[in-house]
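Novice: Here you go, sequence then predicted model.
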Amino acid sequence: MKWLRLIGLVAVPFALLLMAIGLFLFARQGGFAPYRLPQDSGRPIAHDAATLARGEYLARIGDCEACHTAPGGSAYAGGRRFATDYGSIYSSNLTADREHGIGAWSRDEFAHAMRHGVSRRGPLYPVFPYEHFATLSDADIDAIFAYLRSVPASAHVPPDNRLTFPASWRGALVLWRMLHYRPAAPAATMDDRGRYLVDGLGHCAMCHSAREASGALAVDGYLAGGRIPGSGWYAPPLDAKQLQHYSIDQLADYLRAGVADSGTAYGPMAEVVYRSLQYLNDEDALAMARYLKSVPAHPQHDSGFVLLPEPARPSVAGNGADIYRRACADCHGKDGEGEPGRYPRLRDAVATRVPDPIDAVRMILYGGFAPTTARNPLPYSMPPFVQRLSAADIAAVTNFVRENFGGQHSSLTATDIQAMHGIVLD
């Protein structure tokens, strides 16, 4: 029986230690407070034209419609698919429908979901950026809520999430929140309007920050760039070093036009500009640009890209210059300088300078389309080369472009290019 007594002497303190750690982490994510839905305070919400217009503007800048509208579906009726490492999550219905939307919600319930990520359905999956929205002011949340209540009701029921266990069990989100969620206080003031928009309403870090294996944003990866989960694209860092080729005015113009001499928005960023950022007013665009230009550069994180193993990795850069001259130089220039207003330059372009080559490869494979905006109503597009160049040729020209115009060592082979084939759809 001595060994049983010995086990007890070890197990009991260990169990108490685990319990203490669990209680500490549970308290750090807010204790029970986030899981208690508030009672309706009865505080009236203004529905005048000015409030609704402001709510619509804020919802646009938050890109709410893009995430809560399925392709071909009614606006804000939910059902857009988000791919994760654990399966698919579908956005919720935000229309005024009382049964399937938020028509029966109080203002307090809506604010609680925005700030704490807990609704009538329980804890929300962190594809919804509630940690960012937690900083929004009461007035902005009220305006957004008033606007959403004015959106025509839709009885659309989004598909059920398709997730593997334990992600399929919402109770597991409590453990995830204990490890990763730390409540933020609403903004008392908006002295730095740019940061308020970038970190809060715009939730730029959701795409442009590095992530941990759990999917949580890395503590030291703020705006440091990383692969966008489930999209097949790399979002570059947003900091003073990465944006050094833009002036504040040029960056503000880029946010609204989707095109500038130093770069063009493609892929997910093109959608963000088209649906959201092009509607920024002058003051907010300049405020965001000013803040982003002030963000200190962070050490670049591993994007997850790994060259596939081969018995020998032959150099394929030899014919890259020739392929570039034949297939690319007519538009992008022999030295990668491009043509302002028409063809983006490749020298010092984002896709040539970042450590992950996926964006450059995808553009060559499948082409790209800049967003149509009021400031760029007739954008130029890039044709796909997937049927014109072999995988080896695409590897060669990508290596040439990234090494000569971006200063990045690049040793892609046909095997790497073949692994990047495929278009990710919603």
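Specialist: Alright, I've got the coordinates.
Novice: Please work out which residues outside whichever helix or strand Met178 is part of touch it.
Specialist: Met178 is part of helix 172-180 when elements are defined by DSSP states H and E. The contact list for helix 172-180 (C-beta atoms under 8 Å, 6 or more residues apart in numbering) reads 22, 25-26, 28-29, 34, 117, 122-126, 166, 214, 216. C-beta: built from backbone N, CA, C; applies to glycine.
Novice: In ChimeraX, select just the buried ones from those.
Specialist: Buried residues among the contacts of helix 172-180 (16 or more other C-beta atoms under 10 Å), as a ChimeraX selection:
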select :29,34,117,123,124,125,126,216
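Novice: neighbours around Thr372, how many?
Specialist: 14 (other C-beta atoms under 10 Å).
Novice: err, Glu283, not the other one
Specialist: Neighbours around Glu283, by other C-beta under 10 Å: 11.
Novice: Ok, Gly171 next?
Specialist: Gly171 has 9 nearby residues by other C-beta under 10 Å.
Novice: coming back round to it: can you name the next helix or strand after the helix holding Met178?
Specialist: helix 193-195.
Novice: Give me the distance from that following helix to the chain's centre.
Specialist: Taking C-alpha atoms, centre = their mean, to the nearest Å, one finds the center of helix 193-195 at 18 Å from the center of the full chain.
Novice: list the buried ones in it?
Specialist: 194-195.
Novice: got the CA positions of the helix or strand following it in CSV?
Specialist: Remark: after helix 193-195, the chain's next helix or strand is helix 205-208, criterion DSSP H and E. Taking Å, rounded to 0.1, in the frame of the first residue of the first chain, the C-alpha atoms of helix 205-208 are listed here in CSV:
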residue,chain,number,x,y,z
ALA,A,205,-4.1,41.8,-38.1
MET,A,206,-6.5,39.0,-38.8
CYS,A,207,-4.8,38.6,-42.2
HIS,A,208,-1.5,40.5,-41.8
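Novice: Give me the contacts around helix 205-208.
Specialist: Helix 205-208 has contacts (C-beta under 8 Å, 6+ apart) with 129, 132, 199, 217, 222-226, 228, 235-238, 268.
Novice: Which single one of these is nearest to Ala96?
Specialist: Pro129 (22.6 Å; C-beta to C-beta).
Novice: Test my guess that that closest one contacts Leu201.
Specialist: No - judged on C-beta atoms under 8 Å, Pro129 makes no contact with Leu201 at a distance of 9.6 Å.
Novice: Who has more neighbours out of the two?
Specialist: Leu201 (25 against 21).
Novice: Give me the below-cutoff pLDDT ranges for the stretch 101-250 of the chain.
Specialist: 185-190 (pLDDT under 70).
Novice: That one: helices as residue ranges?
Specialist: According to DSSP state H, counting those that start in this stretch, the stretch 101-250 of the chain carries its helices in the segments 107-116, 130-133, 138-150, 172-180, 193-195, 205-208, 248-257.
Novice: Let me know the closest of the contacts of helix 205-208 to Lys293.
Specialist: Nearest member of the contacts of helix 205-208 to Lys293, counting by C-beta to C-beta, is Leu238, at 9.4 Å.
Novice: Next, the contact list for that closest one, please.
Specialist: With contacts defined as C-beta under 8 Å, 6+ apart, Leu238 is in contact with 204, 208, 223, 225, 292, 295.
Novice: ok, 10 Å please
Specialist: Listed by C-beta atoms under 10 Å, 6 or more residues apart in numbering, the contact set of Leu238 reads 198, 204-205, 207-209, 222-225, 251, 288, 291-293, 295, 298.
Novice: What's the separation between it and His116?
Specialist: 27 Å (C-beta to C-beta, to the nearest Å).
Novice: Sweet, I'm off.
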